[in-house]
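Colleague: here are the coordinates; sequence isn't available:
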């Protein structure tokens, strides 16, 4: 391995870690501000009604979800819609950490089944838009990825 490869891979790992932390901060802040839409169907409905309010689409899976054909079809349709509407997209692994972040227990407050965390939209409130450094960091990462022809960048949330 050359020095450039070692230094390059180290800086890439740091960048990924920084973006992962920014995503965690953004999701927690957006949830506090009631700016999250959670669930594949809920997200599709919102994007159909008000795509301009969406600033980020997070598509989350773990290894066991990779064989779910219906979910992969939904993801493909959501990705196409996001690309058509200039919405940043991230693929994410680490569903357990995502559930911890969003304090998603086994069921919601009404005793219903757990929320579907496979698709999460971060929306901009109409009155006071989100202007967080975390969102700017993620947007820059998505833009840099597109410049390298990686249209849907992937991140991994580490369990803590």
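Modeller: The structure has been received and is ready for your questions. Predicted model only: the values in this text are computed from it and were never measured.
Colleague: which residues of the protein fall in helices?
Modeller: Counting by DSSP state H, the chain has helices at residues 3-32, 40-49, 69-84, 95-101, 133-147.
Colleague: Between those helices, which one is closest to residue 119.
Modeller: Between residue 119 and the helices of the chain, the shortest gap by Cβ to Cβ is with helix 40-49, which sits at 4.4 Å. Backbone N, C-alpha and C define where each C-beta goes, glycine included.
Colleague: And for the most centrally placed residue in the chain, nearest residue in space, chain neighbours not counted?
Modeller: Within the chain, the residue whose C-alpha comes closest to the C-alpha centroid is residue 58; the distance, by Cα atoms, centre = their mean, is 2.3 Å. Leaving out its chain neighbours, the residue that sits closest to residue 58 by Cβ to Cβ, 6 or more residues apart in numbering is residue 120, at 4.4 Å.
Colleague: By mean pLDDT, point me to the weakest helix or strand of the chain.
Modeller: helix 3-32 (a mean of 76; mean pLDDT, DSSP states H and E).
Colleague: Below-threshold pLDDT in the protein: ranges please.
Modeller: The chain contains residues with pLDDT under 70 at 1-12, 104-113, 126-130.
Colleague: Tell me who's in contact with residue 139.
Modeller: Contacts here follow Cβ atoms under 8 Å, 6 or more residues apart in numbering; on that basis residue 139 touches 55, 56, 88.
Colleague: burial count for residue 138?
Modeller: 25 (other Cβ atoms under 10 Å).
Colleague: That's all I had, so thanks and see you.
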